[in-house]
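Colleague: Provided below are the primary sequence and the corresponding predicted coordinates.
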Amino acid sequence: MDYTDLYINGQWRPGAERFDVYNPADEQVLASVASADIADADAALDAAERAMKEWAVRTPRARSEILRTAWELMTARLEEFAHLITLENGKARADAMGEAGYAAEFFRWFAEEAVRADGLITHAPASGARIIVQHKPAGLAVLVTPWNYPAAMGTRKIAPALAAGCGVIIKPASETPLTMLALMPLLEEAGVPPGLVNVLPSKRSGALVDHMLHDPRVRVVSFTGSTAVGRKLLHTAADQVLKPAMELGGNAPCIIFEDADMDTAIEGTMLAKMRNLGEACTAANRIYVHESVAAEFTRRLTEKMSALKLGDGTDPTVDVGPLVNADTRDKVVAFVADAVAKGATIECGGETPSGKGFFYPPTVLSNVTGTADCVRDEIFGPVAALQVFRDQDEVIARANDTEYGLVAYVFSSDMKRAMQVCERLDYGMVGLNRGLVSDPAAPFGGTKQSGLGREGGHEGMLEFMETQYISASW
Ligand code: NAD
C-alpha cells in the first residue's frame with residue numbers, strides 16, 4: 001500500500017503508533033496504518049486554520065474549478081479506487097465501482113454548487129430597511145466517517161465543505177482508512193492547497209474526536225455512522241454549540257402493494273437489499289408484502305437471491321463479497337438464528353460457509369415475526385426479512401413503528417395511492433418504485449433518530465455555512 005501514514009498539512013507523517021487493516025476476504029493484514037494522537041490533531045487543526053484563511057477568500061469560481069478537476073481526476077481512476085475499496089471493505093467489484101463513481105460525483109455536483117451560494121435582499125415590511133441575507137463559511141469542520149462506503153461518505157462531506165470555503169480534518173473508520181488516504185494525492189493534483197484537507201486515521205477515535213470538538217477553532221461536526229456514536233457526538237458538540245450534521249442508522253421498510261408491477265418490485269427490492277451486500281444505512285431491512293402477492297414475491301426473490309455468486313470481491317464474476325469483519329458477520333448469524341427461533345422460515349442461504357473470510361450467503365427469511373430482533377435493528381448484511389400485511393393503514397403504522405426515519409421504499413402502480421402512502425411515511429427519503437435513492441443532486445438524510453441535516457442537493461453546502469443577515473438603510 002502506498003499511503004498508510006497520517007496526512008497533515010499536505011505531508012505524510014508516520015505517527016507514534018500504528019494499527020493493522022485487514023482484508024475481509026482472507027483475514028490477512030493488508031497494511032499497517034499510522035494512528036493519530038492528540039499532537040497530530042493539533043497539527044492538523046493548525047494546518048487547516050492556516051489553509052482556510054486563504055481558501056475562504058478565494059472566488060467561488062476558483063474553488064469550483066479545483067473541485068471540478070478533482071471529479072475529472074477521480075473519474076479517470078475509478079478502477080484503481082474500486083480495487084482499494086474492495087480490498088479493505090470486501091464489497092464486490094460492481095458495488096465498489098458504483099461507490100467510486102458516486103463518490104467522484106460529489107466533486108462535480110459541489111463544483112456546480114460552489115458558485116450558487118445564493119443570498120437574498122428584501123425590504124423589512126414594517127421599517128422599510130433592507131434585509132440582506134448571505135452565507136459565509138462556518139469554520140473548521142471535523143468529519144467522521146464509517147467503513148461501509150470508504151470513499152463516498154468522505155467525498156459527500158469534503159466536497160461541500162470545500163465548496164463552502166471550509167478547511168477539514170477527516171477521521172476515517174479504522175476498518176477502512178486506506179481509500180481516503182489514497183484520495184489525498186489526487187486532491188493535491190487537483191490544486192487543493194496543503195493543510196485544507198487532513199486525514200487522521202486513529203485507533204483512539206473517541207479521545208481524538210473529543211479533543212478536536214473542544215478546540216475553539218472548530219465550528220462544524222459532520223458525522224456518518226451509528227446512532228449510538230452520533231448521540232455521543234451530539235452531547236460533545238453541545239459543549240461548544242457546534243453545527244452538527246448527523247447521518248445515522250436506518251431501519252428501512254420496503255412495502256410491496258398488491259398492485260405493484262412485480263418485475264419492478266423484485267428488481268427494486270434486490271437493489272434496496274443487496275446494494276453493498278446489505279451493509280448500507282439505506283438497506284431494505286423490513287420487507288412487507290401484501291398477502292395476495294406474498295407467495296409469488298417470495299418465490300421470485302428467492303430465485304434471484306440464490307443465483308448470486310458469493311466470493312472474494314476482487315473476482316469480477318462475484319456478486320457478493322464478504323462482510324467487513326467478524327463482528328458484523330456474527331451479528332447477522334445471530335439475527336437469522338433469532339428470527340428462525342421466533343417462527344421465520346429460511347427460503348435460501350442461512351448457513352455460514354467454512355474457511356477464511358467473513359462470508360455470509362444471500363438469505364431470504366419468510367414469515368418473520370414482529371418480535372424478531374432484525375425487525376428492530378439494522379441487519380447490515382445480505383438477509384431479506386419478509387413479512388406479510390393485509391391493509392394500507394396497518395402497513396403504514398408498522399413501517400413508522402421505529403425510532404429510525406432514514407428511507408422507506410414503496411412499490412405500487414397506483415400513483416394516487418402511492419403518493420398518499422409516501423406522505424404518511426415518517427422518513428427523510430422515499431424510493432417510489434425504485435430501490436435506489438442516493439443521488440448527489442438530492443438531499444440525503446433522515447428524520448427522528450436517523451439524523452440531523454442533509455448531504456448533497458442544495459442543502460449539503462449549507463451544512464458548512466452560517467447565515468448572516470445585515471439590516472441596512474441607505
Ligand atoms: P460507527 O458509529 O461505529 O463508526 C463511525 C465512525 O465513528 C468511525 O470512523 C469510528 O471510528 C468513529 N467512532 C466510533 N466511536 C467513536 C467515538 N466515541 N467518538 C468519535 N468517533 C467514533 O459506525 P460504523 O459501524 O462504522 O458504520 C455503520 C453505521 O453507519 C450504521 O449504523 C449505518 O446505518 C450508519 N451509516 C449511516 C449513513 C447515513 O448516511 N445515514 C451512511 C452510512 C452508514
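Modeller: Sure thing, it's come through.

Colleague: Up against the ligand, what does the chain have?
Modeller: Taking C-beta under 6 Å from any ligand atom as the contact definition, the chain meets the ligand at 144-149, 153, 171, 173-174, 205-206, 209, 224-226, 229, 232-233, 247-250, 281, 378, 406, 446, 451. To be clear about C-beta, it is placed using only N, CA and C from the backbone, and glycine gets the same treatment.

Colleague: any idea how far whichever residue of the stretch 201-350 of the chain sits closest to the ligand lies from residue 378?
Modeller: Here the stretch 201-350 of the chain gets closest to the ligand at one residue, residue 225, 2.7 Å apart by C-beta to the nearest ligand atom. Applying C-beta to C-beta, to the nearest Å, the value for residue 225 to residue 378 is 12 Å.

Colleague: Residue 339 now?
Modeller: For residue 339 relative to residue 378 (C-beta to C-beta), the value is 14 Å.

Colleague: One more: residue 4?
Modeller: Distance of residue 4 to residue 378, given as C-beta to C-beta: 30 Å.

Colleague: Looking at the closest residue to residue 294 other than its chain neighbours now. What's its pLDDT?
Modeller: Among residues not flanking residue 294 along the chain, residue 388 sits closest, at 4.9 Å (C-beta to C-beta, 6 or more residues apart in numbering). We have a pLDDT of 98 for residue 388.

Colleague: residue contacts, residue 388?
Modeller: 288, 289, 290, 291, 294, 367 (C-beta atoms under 8 Å, 6 or more residues apart in numbering).

Colleague: so which of the residues you listed is the most crowded?
Modeller: Ranked by neighbour count (other C-beta atoms under 10 Å), the contacts of residue 388 have residue 289 at the top, with 27 neighbours.

Colleague: Could you give the average pLDDT over the host helix or strand of it?
Modeller: Here residue 289 sits within strand 284-290, counting by DSSP states H and E. Summarised as a single mean, pLDDT over strand 284-290 is 98.

Colleague: Using PDB, write out every CA atom in it.
Modeller: Only the C-alpha atoms of strand 284-290 are listed here, as PDB (Å, rounded to 0.1, in the frame of the first residue of the first chain):
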ATOM      1  CA  ALA A 284     -34.300  -2.600   3.000                       C
ATOM      2  CA  ASN A 285     -34.500  -4.000   6.500                       C
ATOM      3  CA  ARG A 286     -38.200  -4.900   6.800                       C
ATOM      4  CA  ILE A 287     -39.800  -6.100   3.600                       C
ATOM      5  CA  TYR A 288     -43.700  -6.000   3.900                       C
ATOM      6  CA  VAL A 289     -45.500  -7.900   1.100                       C
ATOM      7  CA  HIS A 290     -49.300  -7.800   0.600                       C
END
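
Colleague: ok and the following helix or strand past that strand relative to strand 284-290, angle-wise?
Modeller: Using DSSP H and E, the helix or strand that follows strand 284-290 in sequence is helix 294-306. Interaxial angle, helix 294-306 versus strand 284-290 (axes from the mean of the first three to the mean of the last three C-alpha atoms, to 10 degrees): 150 degrees.

Colleague: Just checking, which helix or strand succeeds helix 294-306 along the chain?
Modeller: In N-to-C order, the element after helix 294-306 by DSSP H and E is helix 326-341.

Colleague: residues in contact with that next one?
Modeller: Helix 326-341 is contacted by residues 279, 322-323, 346, 350, 352, 358-360, 363, 365, 368-369, 372-374, 377, 379-383, 385 when judged by C-beta under 8 Å, 6+ apart.

Colleague: So which of the residues you listed are in strands?
Modeller: 346, 363, 365, 383, 385 (DSSP state E).

Colleague: and those as CSV, adding neighbour count and pLDDT?
Modeller: Output for the ones in strands among the contacts of helix 326-341, formatted as CSV (neighbours: other C-beta atoms under 10 Å; pLDDT from 0 to 100):
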residue, neighbour count, pLDDT
346, 16, 98
363, 25, 98
365, 26, 98
383, 27, 98
385, 25, 98
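
Colleague: Closest one of those to the ligand?
Modeller: Of the ones in strands among the contacts of helix 326-341, the one sitting nearest to the ligand (C-beta to the nearest ligand atom) turns out to be residue 383, at 15.1 Å.

Colleague: Return the residues in contact with that closest one.
Modeller: 278, 332, 335, 336, 349, 360, 363, 364, 365, 374.

Colleague: before we move on, what about residue 97?
Modeller: Going by C-beta under 8 Å, 6+ apart, residue 97 touches 78, 79, 82.

Colleague: Can you give me the neighbour number for the second one?
Modeller: Spelled out, it's residue 79. Counted with other C-beta under 10 Å, residue 79 comes out at 12.

Colleague: same question, the first one
Modeller: A count of neighbours around residue 78, defined by other C-beta under 10 Å, yields 18.

Colleague: Go ahead and confirm it touches residue 99.
Modeller: No: the criterion here is C-beta atoms under 8 Å, and residue 78 misses it with residue 99 at 9.5 Å.

Colleague: List the residues that contact the spatially closest residue to residue 27 that is not a sequence neighbour.
Modeller: Using C-beta to C-beta, 6+ apart and skipping the chain neighbours, the partner closest in space to residue 27 is residue 356 (5.2 Å). Neighbouring residues of residue 356 by C-beta under 8 Å, 6+ apart: 25, 26, 27.

Colleague: run the last query once more with 10 Å
Modeller: 23, 24, 25, 26, 27, 28, 312, 322 (C-beta atoms under 10 Å, 6 or more residues apart in numbering).
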